[in-house]
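J.: got a sequence here, can you model it:
(one chain, ligands or ions: 1)
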Amino acid sequence: MKLWGGRFSDRLDAAAWKLNASIEFDRRLAIQDVRGSLAWAAALESAGILSGEESAQIRAGLGVIEAEFQNETFPFQEQDEDIHTAVERRLGELIGALAGKLHSGRSRNDQVATDLRLWLLDHLPALDEELRGLQGALLDRARVDMGTLMPGYTHLQPAQPVLLSHWWLSHFWPLERDRGRLRGLRERTAVLPLGSGALAGTPFPIDREAIAAELGFAAVSENSIDAVSDRDFAAEFLFCAALVGIHLSRLAEAVILFSSAEFGYFTLPDAYTTGSSLMPQKRNPDVFELARGKSGALLGYLVGLMTTLKGLPSAYDKDLQEDKVPVFNAWDTLSVLLPVLANAVKGLSIQGERMHSGLGADLMATDLADYLVEKGIPFRQAHTLVGKVVKLSGRLGKTLDEMDMDEYWSISPQFDSDVVQVFSASRSVNRRRAYGGTAPSAVEVQILSAQAALDREL
Ligand code: ARG
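T.: Below is the predicted model:
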């Protein structure tokens, strides 16, 4: 069935029909489309366009259709151009010509914008749940691995000792910000376009506020032209998804690196590790590699839609039909990825001794400079003196804690025999007690605020 045949003599070319049809992907909006239509029928009744009897019949028919979608018995047909057409066609089969009254004062333009917003509103809580699942796994790790020290890196060069728990939580907070973004996104998505017509508004006395209340929208759109063209919510969702992808990729990359033989900090769980068809000894971190890899596609969905939106001339253009596939793809990608990653993180084993053996005395070079600072030496000068100590240690082939006092004194008389205590990684960590630092006391506080954040649902 076609909804627009009246002014045409020739049929649409078969290949063009295929290009134009969106049913293959917008069938995912089926339930939302029916809900939108139920609310519209009620609004038409209040506006006096449908009698009570007509509205009841239409709504009963829509109820049957909704059940058919739920039971997956809806009879899709080859000629259904999109989900809106399919529902109207089916309604006609069920209740006859009266079905033709449902589209009064409405356009597929305000309909599809409403459907996609509804779909997103329906699906954001599950995404939030999945993010919380991974956050929960990271937070559990932070609790369980408390007390394990590891080298912290900047530029991927050993920098300063940190608590492994602190490192786990460094991957918790980006996801917390992602959830915050979803909250903001939900607010901006919950604005109802229905009642905007094709672009100019609806000619009937439709109570848009009532529709919004029925469908769970918080507000109604202010401008009908804007309402049918606005896909900010879709782009914003794709941005959120892309940024989640980048956060997952960063975590994955670190796990891949740290589980390599050269680092040996983590051992991958069997259930989340794959083998090689050729090399019998291999244990490959495919799950984490796929997380890293899929972040590329997630970014692509965002760039794809933004590029589609750029330069569109007027209210609705068919280009906008391209909004759905990236939104569905991004959602699908994350809902496969997040639970797997959560479990894989839970299953990692920690090689604490390997991490500990990476904590050479030069990771405490900053502490050595701080030691001089506490003796009243300006930090800049202390930095230079310790730089000289490091240089000398290289020349002597000794580590900082192997050098004797004469060697220290050759650089500065300010060093005392108590300097050896500086080369303790746990001392270094324990000193970083200021809020947000890596000291156990600070990380305990951090765990409490992470738990409080995690307790907040979308
Ligand atoms: N399938 C279309 C879409 O996804 C529905 C809106 C069609 N509107 C129109 N004026 N042809 O955007």
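J.: and residue 435, which of the three is it?
T.: Three-state call for residue 435 (DSSP: H, G, I helix; E, B strand; the rest coil): coil.
J.: and it, how many neighbours?
T.: Number of residues near residue 435 (other C-beta atoms under 10 Å) recorded here: 8. All C-beta spots, glycine's among them, are computed from the backbone N, C-alpha and C.
J.: these two touch, right, it and residue 445?
T.: Yes - here residue 435 lies in contact with residue 445, judged by C-beta atoms under 8 Å, at a distance of 7.1 Å.
J.: quick check: neighbours shared by these two?
T.: Common contact partners of residue 435 and residue 445 (C-beta atoms under 8 Å, 6 or more residues apart in numbering): none.
J.: the host helix or strand of residue 159: how far from the chain's middle?
T.: Taking DSSP states H and E as the criterion, residue 159 maps to strand 157-163. A distance of 28 Å separates the centroid of the chain from that of strand 157-163, by C-alpha atoms, centre = their mean, to the nearest Å.
J.: the longest helix along the chain - what's its average pLDDT?
T.: Longest helix of the chain, by residue count under DSSP state H: helix 108-144. Here helix 108-144 scores 98 as its mean pLDDT.
J.: and for stretch 149-159?
T.: Mean per-residue pLDDT for stretch 149-159: 97.
J.: partner residues bridging residue 152?
T.: Beta-bridge partners of residue 152, counted by DSSP bridges, are residue 160.
J.: for it, give me its contacts.
T.: For residue 152, the contacting residues are 158, 159, 160, 161, 162, 167, 438, by C-beta under 8 Å, 6+ apart.
J.: out of those residues, who's nearest residue 268?
T.: Residue 268 lies nearest to residue 167 out of the contacts of residue 152, by C-beta to C-beta, at 17.2 Å.
J.: give me the neighbour count for the closest one.
T.: 23.
J.: residues from this structure in reach of the ligand?
T.: Counting by C-beta under 6 Å from any ligand atom, the chain comes close to the ligand at 22, 26, 82, 108, 109, 112, 316, 318, 320, 321.
J.: at 5 Å instead, please
T.: Contact residues (C-beta under 5 Å from any ligand atom) of the chain with the ligand: 22, 82, 108, 112, 321.
J.: highest neighbour count among these?
T.: residue 112 (26 neighbours).
J.: surely it and residue 84 touch.
T.: Yes - counting by C-beta under 8 Å, residue 84 is a contact partner of residue 112 at 6.8 Å.
J.: follow-up on the earlier one: which SSE is immediately downstream of the strand holding residue 159?
T.: Sequence-wise, the next helix or strand downstream of strand 157-163 (DSSP H and E) is helix 164-170.
J.: kindly export that following helix (C-alpha atoms) in CSV.
T.: Written as CSV, here are the backbone C-alpha positions of helix 164-170 (Å, rounded to 0.1, in the frame of the first residue of the first chain):
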residue,chain,number,x,y,z
LEU,A,164,45.5,-0.6,41.2
SER,A,165,42.1,0.3,42.7
HIS,A,166,42.7,3.9,41.8
TRP,A,167,43.5,2.8,38.2
TRP,A,168,40.3,0.8,38.0
LEU,A,169,38.3,3.7,39.2
SER,A,170,39.9,5.9,36.6
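J.: going forward, the N-terminal residue is numbered 371.
T.: Got it, first residue is 371 now, which makes that one helix 534-540.
J.: which other helices and strands contact the next helix or strand after it?
T.: Using DSSP H and E, the helix or strand that follows helix 534-540 in sequence is helix 542-559. Here helix 542-559 touches helix 478-514, helix 602-628, helix 810-825, going by 3 or more C-beta pairs under 8 Å, 6 or more residues apart in numbering; DSSP states H and E.
J.: what does helix 542-559 contact?
T.: Residues contacting helix 542-559 (C-beta under 8 Å, 6+ apart): 487, 490-491, 494, 497-498, 501-502, 504-505, 508-509, 512, 588, 602-603, 606-607, 609-610, 613-614, 617, 620, 820, 823-824, 828.
J.: quick one: buried residues of it?
T.: Within helix 542-559, the residues that count as buried by 16 or more other C-beta atoms under 10 Å are 542, 543, 544, 545, 546, 548, 549, 551, 552, 555, 556, 559.
J.: and the first one, how far from the ligand?
T.: Separation of residue 542 from the ligand (C-beta to the nearest ligand atom, to the nearest Å) stands at 38 Å.
J.: counting neighbours, what do you get for residue 710?
T.: Neighbours of residue 710 under the rule other C-beta under 10 Å: 16.
J.: just residue 474 next, same as before
T.: Applying other C-beta under 10 Å, we find 16 residues neighbouring residue 474.
J.: filter the contacts of helix 542-559 down to the buried ones, ChimeraX style.
T.: Selection command for ChimeraX covering only the buried members of the contacts of helix 542-559, criterion 16+ other C-beta under 10 Å:
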select :487,490,491,494,497,498,501,502,504,505,508,509,512,603,606,607,609,610,613,614,617,620,820,823,824,828
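J.: list the residues that contact the residue in the stretch 621-770 of the chain that the ligand sits nearest to.
T.: Residue of the stretch 621-770 of the chain nearest the ligand, by C-beta to the nearest ligand atom: residue 691 (3.6 Å). Taking C-beta under 8 Å, 6+ apart as the criterion, residue 691 is in contact with 392, 396, 482.
J.: picking that back up, and which of the buried residues of helix 542-559 is nearest the ligand?
T.: residue 559 (16.9 Å).
J.: and the closest one, what's its pLDDT?
T.: Residue 559 carries a pLDDT score of 98 in this model.
J.: that one - nearest residue in space that isn't next to it in sequence?
T.: Nearest residue to residue 559, sequence neighbours excluded (C-beta to C-beta, 6 or more residues apart in numbering): residue 603, at 4.2 Å.
J.: the one you found contacts residue 487, doesn't it?
T.: Yes - counting by C-beta under 8 Å, residue 487 is a contact partner of residue 603 at 6.1 Å.
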